[in-house]
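Enquirer: Pasting a predicted model and its sequence here:
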Amino acid sequence: MRGWYRLVLALFALSSCKNDLDELARVDVHAGAPDRTTTDAEYLYSDSGIVRNRLHANKVEDFMAAPGRRTVLTDGMELVFLDAQGNDGSVLTARQGLILPTSNRMEVRGNVVFTNARGERLETELLVWNKDSARVWTDRPVKIIREHDILYGDGLDANENFSRYTIRKLTGTLYVDQADSLAGP
């Protein structure tokens with residue numbers, strides 16, 4: 001009797017499983033839907049076999065179709081620029097990002113914070129990184145917090161690791177050590 005019961009159960013299980021290709025074809029995928037979605041993703045970017053950047057994003061949506069090929073990062077992201085020895089250097093965080101691979105460009109928005117190896121901290125709402133020129137820039141208001149002073153401006157240009165930068169329309173209080181001199185010789 002047990003054998004009969006198992007046979008009926010097995011036949012029922014096997015007969016209820018089938019792939020209906022017509023049914024699958026009727027599944028409607030929204031035209032604007034991403035080609036791939038990944039959560040809690042970490043990517044390593046290398047150049048000539050050397051890892052240069054590490055990206056962590058809570059949600060990654062890849063859109064592969066031309067001409068709008070792009071990667072959308074949402075729900076928070078962190079990009080770490082590694083030094084020549086592979087150690088963590090500058091760190092860029094934001095609520096969301098957009099990677100445009102055809103132009104080697106990344107835009108980050110929303111609570112953007114970029115901290116360099118010296119501990120200087122840039123705060124803004126939009127920052128653009130151009131991989132080809134190894135530059136970051138913004139035309140939005142910026143705040144830079146340094147060890148002894150806070151600087152404000154209406155835009156910024158910097159190298160990609162934020163170790164050298166130019167602030168547009170600079171305001172703020174600048175700390176000058178007694179050993180420093182603003183006057184010429």
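Expert: Here it is on my side, so go on. Numbers count the residues shown, from 1 in each chain.
Enquirer: And the helix or strand harbouring G155, what does it pack against?
Expert: Here G155, judged by DSSP states H and E, is contained in strand 150-159. Counting contacts by 3 or more CB pairs under 8 Å, 6 or more residues apart in numbering; DSSP states H and E, strand 150-159 packs against strand 121-130, strand 135-145, strand 165-167, strand 171-173. To be clear about C-beta, it is placed using only N, CA and C from the backbone, and glycine gets the same treatment.
Enquirer: can you count the residues close to K143?
Expert: K143: 15 surrounding residues under other CB atoms under 10 Å.
Enquirer: cool, N159 as well?
Expert: 15.
Enquirer: what separates it from A117, distance-wise?
Expert: Using CB to CB, to the nearest Å, N159 is found at 12 Å from A117.
Enquirer: And R109, by the same measure?
Expert: From R109 across to A117, the span is 24 Å (CB to CB).
Enquirer: now D83
Expert: Plainly put, D83 is 7 Å away from A117 if you go by CB to CB.
Enquirer: ok so, going back, can the helices and strands packed on strand 150-159 go into CSV with extra columns for distance to S46 and mean pLDDT?
Expert: Below are the helices and strands packed on strand 150-159 laid out as CSV (distance: least, CB to CB, whole Å; pLDDT from 0 to 100):
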stretch, distance to S46, mean pLDDT
strand 121-130, 17, 97
strand 135-145, 20, 97
strand 165-167, 26, 95
strand 171-173, 38, 83
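Enquirer: export stretch 136-151 as PDB, just CAs?
Expert: Extracted as PDB, the C-alpha positions of stretch 136-151 are listed here (Å, rounded to 0.1, in the frame of the first residue of the first chain):
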ATOM      1  CA  VAL A 136      36.100  65.400 -10.300                       C
ATOM      2  CA  TRP A 137      34.000  68.600 -10.400                       C
ATOM      3  CA  THR A 138      30.800  70.200  -9.400                       C
ATOM      4  CA  ASP A 139      29.100  73.500 -10.000                       C
ATOM      5  CA  ARG A 140      27.000  73.200  -6.900                       C
ATOM      6  CA  PRO A 141      27.700  74.700  -3.500                       C
ATOM      7  CA  VAL A 142      30.500  73.000  -1.600                       C
ATOM      8  CA  LYS A 143      31.700  72.800   2.000                       C
ATOM      9  CA  ILE A 144      35.200  71.500   2.800                       C
ATOM     10  CA  ILE A 145      36.000  70.700   6.400                       C
ATOM     11  CA  ARG A 146      39.800  70.600   7.100                       C
ATOM     12  CA  GLU A 147      41.700  70.200  10.400                       C
ATOM     13  CA  HIS A 148      41.600  73.900  11.400                       C
ATOM     14  CA  ASP A 149      39.100  75.500   9.000                       C
ATOM     15  CA  ILE A 150      35.800  75.200   7.000                       C
ATOM     16  CA  LEU A 151      35.700  76.500   3.500                       C
END
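Enquirer: And it, what's buried?
Expert: Neighbour counts over stretch 136-151 (16 or more other CB atoms under 10 Å) mark 136-138, 142, 144, 151 as buried.
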